[in-house]
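K.L.:
Attaching a predicted model along with its sequence, questions to come.
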Amino acid sequence: FFFQAEDGIRDFCLSRGLGDVYKRQAETSVQQLIKNAIDTLEPYKLVQIVQLIISRIDNPDPVKSRLLIDALVRLSDTYKYQSVWWLHSLANQEKQRDQPQKTSKSKIADDIKSALKSRRSEAAELLEKTERFYKNLLDIARDPNIAREGKARLESKYANIGVPQQCLILPLESYLVPRLKENPFPEHFVFIKGLLPEVEVYNSKEKPKRITFQCFNGKECSFLMKHEPKGDVRKESRAMELMQYLGVLLKDDKRTEYLDDALTTYTIIPLASRISLIEWVGNTETMKKIILNTCLVNRGIEMFARNRLILDTEMMQAQDSSRRFTKEGYKFLRQKYPACFFDYFFSFYPEYSTWNTIKLHYIQSVAAYSSFCFLFGLGDRHLDNILFNKVTGRVVHVDFDCMFEKGKSLPVPEIIPFRIAYNIEHGLGAFRAYGLFKYYFILILQVWVKNIQNIVGVLDSFVYDPLIERMDGGAAIKNILNKVERIKLSNSYEEYVTSLIETAKSEARLKEMFVGWMPCLLYTSDAADDLLCVDLGGR
């Protein structure tokens, strides 16, 4: 900072000193304006940025931190049921090792609870009544004795802990994500009573558990609980908030207002830094299960559902020491397992009107997620991380840890912009990736590029928490802005997107992908084209 005093003082040291005084005065004025806004802004407007407030609440500047604490106290007092999830989560966040200057978020949560008590707020009472149940959820997530594949039963010490009536709402997206209305949340809620003793543990690296809440109205609602000892689940929560905002942008633009549901969003609550509670998306199956269990078995290829070892053995034999495919191994698997996903639509949706709606929803959602993966560098899109909703026809992506080009730094780097080859593309219909998919991809990308500065504001929460590995948050955001700049400098959106599609479908690139990503099930061969023509002819 450099300042030249208007009164003619030329001494550098004195001039700089006066400049610092003026700078502090300017900062004080800005802080006063912010304080006035927090005190006077209608709560339904302030609550729209509650997650941004939480991400910045441990600001090293005590004055700024106090402003944000006051804002969260006011919101918690106003929206008491939502505050239970906000503040319990805040109280269980671990302090970042590389930021010793910050006050721990758990200490800040204690201060907020004290402030609510002094106000005699109902939120303080709800926090006390639900604390034991919340701790119980954390204990279930951390218990290694439950971490076995298959169905299990909770011990009585877990299953017998309940919640008093009208204290803890179900953590549904509709209950926790505010709408920009005077009443940002519904008037009536479903309240949790306790846990059902049955739990299901899934066979993946982190052994996620499917638990079921029992509610006072007799309803049962499932959630997925994940414990990631080496990760930070807040990133997934922030990614979902980003997707919710991107959906709002699509809805607000006349060109894409009918595409606001193309990105399926759901609640991801960081119960603690390494434990998350994820809203269960019903009527879904993984693309892997549909392709290997249904499509290929229907074509007479006996595998996976009946003998998964066949595929596992073939995959092992087809790779080299670096866990990439050998040329011969890739060719063998590609020929043995032809594209088949388009068959699924004919088999399960015999009525034309239903078939047409399901297929259209599928194309729109694949386009939306492909745009998201490209722009925000989301990788790790193996077939267990892409679900298909059998009722709506939309795809649903899960697991957002590998964002901001993190996949490029893996031992076997990811070298494609998004996943659109082979079976994914086979479901897009006769024109494949060059028909409606490309049309929707361009429309969606145009809307997001137009609003990129607002999107960057939402991305700030990744920087402040911080939740971006490999590079600092500023570099990650700069990388996104560079992509936007390249799009603007290209001759046209159509030319740019066509180039992206060709890169994503490149057989040379797919061969270099990690074997477990199963790129051999994602390449479109001439044989697959012929099969699709037969399907269309039969139709």
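P.N.:
Thanks, I have the structure now.
K.L.:
Do a quick rundown of the strands in this protein.
P.N.:
150-153, 192-195, 198-201, 209-215, 220-227, 268-272, 275-279, 284-286, 386-389, 395-397 (DSSP state E).
K.L.:
Just list what the fourth one packs against, helices and strands only.
P.N.:
Packed against strand 209-215, as judged by 3 or more CB pairs under 8 Å, 6 or more residues apart in numbering; DSSP states H and E, are the following elements: helix 122-142, strand 192-195, strand 198-201, strand 220-227. The C-beta positions use only the backbone N, C-alpha and C, and glycine is treated the same way.
K.L.:
now do 7 Å
P.N.:
Here strand 209-215 touches strand 192-195, strand 198-201, strand 220-227, going by 3 or more CB pairs under 7 Å, 6 or more residues apart in numbering; DSSP states H and E.
K.L.:
Strand partners (parallel or antiparallel) of the second one?
P.N.:
I take that to be strand 198-201. Strand 198-201 has the following sheet partners, assigned by DSSP bridges: strand 150-153 (antiparallel), strand 209-215 (antiparallel).
K.L.:
can I get the ones you listed in CSV with distance to Ala109?
P.N.:
Below are the strands paired with strand 198-201 laid out as CSV (distance: least, CB to CB, whole Å):
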stretch, distance to Ala109
strand 150-153, 32
strand 209-215, 23
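K.L.:
Can you say which of those strands is packed in most?
P.N.:
strand 209-215 (a mean of 19; mean count of other CB atoms under 10 Å).
K.L.:
Now do that strand, average pLDDT.
P.N.:
In this model, strand 209-215 carries a mean pLDDT of 91.
K.L.:
Please list the residues outside that strand that contact it.
P.N.:
140, 146, 170, 190-196, 198-201, 220-225 (CB atoms under 7 Å, 6 or more residues apart in numbering).
K.L.:
Now a ChimeraX select for only the buried ones of those.
P.N.:
Entered in ChimeraX, the line below selects the buried ones among these, by 16 or more other CB atoms under 10 Å:
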select :140,146,170,190,191,192,193,194,195,199,201,221,223,224,225
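K.L.:
just so I know, which of the strands paired with strand 198-201 lies nearest Ile53?
P.N.:
strand 209-215 (27.3 Å; CB to CB).
K.L.:
Now do the closest one and strand 220-227, the angle between them.
P.N.:
Comparing the axes of strand 209-215 and strand 220-227 via axes from the mean of the first three to the mean of the last three CA atoms, to 10 degrees yields an angle of 140 degrees.
K.L.:
which ones are touching Trp85?
P.N.:
Applying CB under 7 Å, 6+ apart, the residues contacting Trp85 are 171, 176, 269.
K.L.:
Next, format the residues you listed as JSON lines and append distance to Arg432.
P.N.:
Below are the contacts of Trp85 laid out as JSON lines (distance: CB to CB, whole Å):
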{"residue": "Pro171", "distance to Arg432": "39"}
{"residue": "Leu176", "distance to Arg432": "39"}
{"residue": "Ile269", "distance to Arg432": "38"}
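K.L.:
With respect to Thr256, which of those residues is nearest?
P.N.:
Proximity of the contacts of Trp85 to Thr256 (CB to CB) peaks at Leu176, which lies at 25.2 Å.
K.L.:
ranking the helices and strands packed on strand 209-215 by mean pLDDT, which is last?
P.N.:
strand 198-201 (a mean of 87).
K.L.:
can you dump the C-alpha coordinates of it into CSV?
P.N.:
What follows is strand 198-201, C-alpha atoms only, in CSV (Å, rounded to 0.1, in the frame of the first residue of the first chain):
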residue,chain,number,x,y,z
GLU,A,198,-31.2,-52.5,10.7
VAL,A,199,-28.2,-51.1,8.9
GLU,A,200,-26.7,-52.0,5.5
VAL,A,201,-22.9,-51.7,4.9
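K.L.:
so where is the stretch 301-450 of the chain shaky, pLDDT-wise?
P.N.:
Scanning the stretch 301-450 of the chain for pLDDT under 70 picks out 301-325, 327, 329-330, 334-336, 421.
K.L.:
repeat that for 80
P.N.:
Within the stretch 301-450 of the chain, the stretches with pLDDT under 80 are 301-340, 343, 383, 407, 410, 412, 421-423, 430.
K.L.:
That one: helices as residue ranges?
P.N.:
Ranges of helices within the stretch 301-450 of the chain are 308-317, 327-336, 341-348, 352-376, 423-426, 436-450, based on DSSP state H, counting those that start in this stretch.
K.L.:
of all those helices, which gets the most neighbours per residue?
P.N.:
Of the helices of the stretch 301-450 of the chain, the one with the most neighbours on average (mean count of other CB under 10 Å) is helix 423-426, at a mean of 26.
K.L.:
helices and strands around it, which ones?
P.N.:
helix 341-348.
K.L.:
Report all helices and strands that the helix it packs on contacts.
P.N.:
Contact here means 3+ CB pairs under 7 Å, 6+ apart; on that basis helix 341-348 packs against helix 352-376, helix 423-426, helix 526-538.
K.L.:
again, 6 Å this time
P.N.:
Counting contacts by 3 or more CB pairs under 6 Å, 6 or more residues apart in numbering; DSSP states H and E, helix 341-348 packs against helix 423-426.
K.L.:
thinking again about what came up before, which one, of the strands of the chain, ends up nearest to Ser365?
P.N.:
strand 395-397 (4.7 Å).
K.L.:
Name every strand pairing with the closest one and say which way it goes.
P.N.:
Strand pairing for strand 395-397, determined by DSSP bridges: strand 386-389 (antiparallel).
K.L.:
returning to what we had before: okay, the helices of the stretch 301-450 of the chain in CSV with distance to Thr78 next?
P.N.:
Output for the helices of the stretch 301-450 of the chain, formatted as CSV (distance: least, CB to CB, whole Å):
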stretch, distance to Thr78
helix 308-317, 52
helix 327-336, 57
helix 341-348, 46
helix 352-376, 32
helix 423-426, 44
helix 436-450, 32
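K.L.:
quick revisit: could the strands of the chain be laid out in a markdown table, adding distance to Ile69?
P.N.:
Shown next, in a markdown table, are the strands of the chain (distance: least, CB to CB, whole Å):
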| stretch | distance to Ile69 |
| --- | --- |
| strand 150-153 | 41 |
| strand 192-195 | 28 |
| strand 198-201 | 37 |
| strand 209-215 | 30 |
| strand 220-227 | 29 |
| strand 268-272 | 19 |
| strand 275-279 | 24 |
| strand 284-286 | 39 |
| strand 386-389 | 39 |
| strand 395-397 | 35 |
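K.L.:
Out of those strands, which is closest to Ile452?
P.N.:
Among those, the nearest to Ile452 by CB to CB is strand 395-397 (21.3 Å).
K.L.:
from the chain's centre, how far out does that closest one sit?
P.N.:
10 Å (CA atoms, centre = their mean, to the nearest Å).
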